[in-house]
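Chemist: dropping a prediction and its sequence here:
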Amino acid sequence: MKYRTAWIPAGLIDFSTCTFANDGGFNCPPSTLQKKLRRPKSKLDTKPEAEEWLTIRSILDLLIKAILSEWHDEEELTRRNRWLLHYTSIFILATYSTDIARACYASPANFPTKVQYINEHPEARLQYSRCDDYVVQLKDIQPFGLHWPGIQNLLGQAPSGCCKGLPKEKKDYFENTFFPMFDIEDSKNSGWSKAFSTKAAKYIGERVSTKLFQSWKNVFESQYMCSVHITLSHAKRRYCGSRSNVKSLTFLGFSADGTRLNMRNDDQVKISGWKMLWGEHTIVDDVAFGMSIDEALRDDILDELVPTSIDGQREVRYKRA
């Protein structure tokens, strides 16, 4: 009574939403106190992007908690942890594909599916202040495989290739995309704040030990190398869709050894992941793709799964037994 404090009973308040957990489950406090405890929504909270990131973060929290429950610094990964690190990698790559889709629609570039989307969802159309082109806030984005057919379905037309440039290696592009050496939230780095896959990778790094993070990063990079065969070109400090003078979208392609190719050269296109059979392997082929977090965390899920090597390499796909 002296300090007007007390222990709050467990389960009384849902602190994630700042509301009482069981509405009507108790007689006190009165509605006036209920209103005081209800946090007013900011403009950021009402944005679809903010809600999407909260969903992604909640899934990551569940995965990190499950991984840490079995992780010991001096021990190798358990069978269950190998699966959870794999699932996390597929989940973030699926998020990366939606980042690519959002960036395409947010750019002033026009393509058939964007025009159709504008006709069906005129409320999603925004106009640049200094030009006549339109950008679109894409809703209900579905993850897809980052290969030539996947991008073609996204655009409704064949993608345009990009010339050679920097970085020259796929591995370096992976580092620049998911682990950039600058603050993606800084307004000077246009567009990066909406790269949820990059934020997700950073979020994991901030919540696990260095050794565990490196174990996950090895799995993640391995999946990227064998699953991402085409991706949107963007500058180091300027994510795609952040410039008003971009009239067309260009995409990168890589050789089997991860060398960036000149995708405006027909001979190099033929040997890239755009056309070769190995370029058909994507995250869509993995059972983790589209699997709910509840199913992924089931105690008996590993009894139903079999890790299978991809073309004899160390990368694996999980299949149903």
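Modeler: Structure's in. What do you need? Keep in mind the model is a prediction, meaning the values are calculated, not measured.
Chemist: per-residue confidence for the nearest residue to residue 271 once chain neighbours are set aside?
Modeler: Excluding the flanking residues, the one nearest residue 271 by C-beta to C-beta, 6 or more residues apart in numbering is residue 255, at 6.0 Å. All C-beta atoms are positioned from the backbone trio N, CA, C, and that covers glycine. Note for residue 255: predicted pLDDT of 95.
Chemist: neighbours around residue 255, how many?
Modeler: 14 (other C-beta atoms under 10 Å).
Chemist: same question for residue 88.
Modeler: Neighbours of residue 88 using other C-beta under 10 Å come to 25.
Chemist: could you do residue 136 as well?
Modeler: Counted with other C-beta under 10 Å, residue 136 comes out at 19.
Chemist: relative to residue 14, how far out is it?
Modeler: Applying C-beta to C-beta, to the nearest Å, the value for residue 136 to residue 14 is 35 Å.
Chemist: rewinding a little: which ones are touching the residue nearest to residue 271?
Modeler: When contacts are counted by C-beta atoms under 8 Å, 6 or more residues apart in numbering, residue 255 touches 261, 268, 271-273.
Chemist: quick check on it: phi, psi?
Modeler: Dihedral angles of residue 255 (phi, psi; degrees, to the nearest 10) stand at phi -80, psi 180.
Chemist: CA atoms only: put stretch 5-17 into CSV for me.
Modeler: Extracted in CSV, the C-alpha atoms of stretch 5-17 (Å, rounded to 0.1, in the frame of the first residue of the first chain):
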residue,chain,number,x,y,z
THR,A,5,2.8,-1.7,-6.2
ALA,A,6,1.9,-5.4,-6.4
TRP,A,7,2.8,-8.6,-8.3
ILE,A,8,0.7,-9.1,-11.3
PRO,A,9,-0.9,-12.6,-11.5
ALA,A,10,0.4,-14.7,-14.4
GLY,A,11,-1.9,-14.7,-17.3
LEU,A,12,-3.8,-11.6,-16.3
ILE,A,13,-2.4,-9.2,-18.9
ASP,A,14,-1.3,-9.9,-22.5
PHE,A,15,1.8,-7.7,-22.7
SER,A,16,2.3,-8.1,-26.4
THR,A,17,-1.0,-6.3,-27.1
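Chemist: disregarding residues adjacent in the polypeptide, which is nearest to residue 162?
Modeler: residue 250 (3.9 Å).
Chemist: ok, the one you found touching residue 160?
Modeler: Yes - applying C-beta atoms under 8 Å, one finds residue 250 in contact with residue 160, separated by 5.2 Å.
Chemist: pLDDT below threshold where in this protein?
Modeler: Scanning the chain for pLDDT under 70 picks out 1-4, 22-49, 73-74, 126-135, 139, 235-247, 312.
Chemist: hmm, try it at 80
Modeler: 1-50, 72-76, 123-140, 186-191, 234-248, 310-315 (pLDDT under 80).
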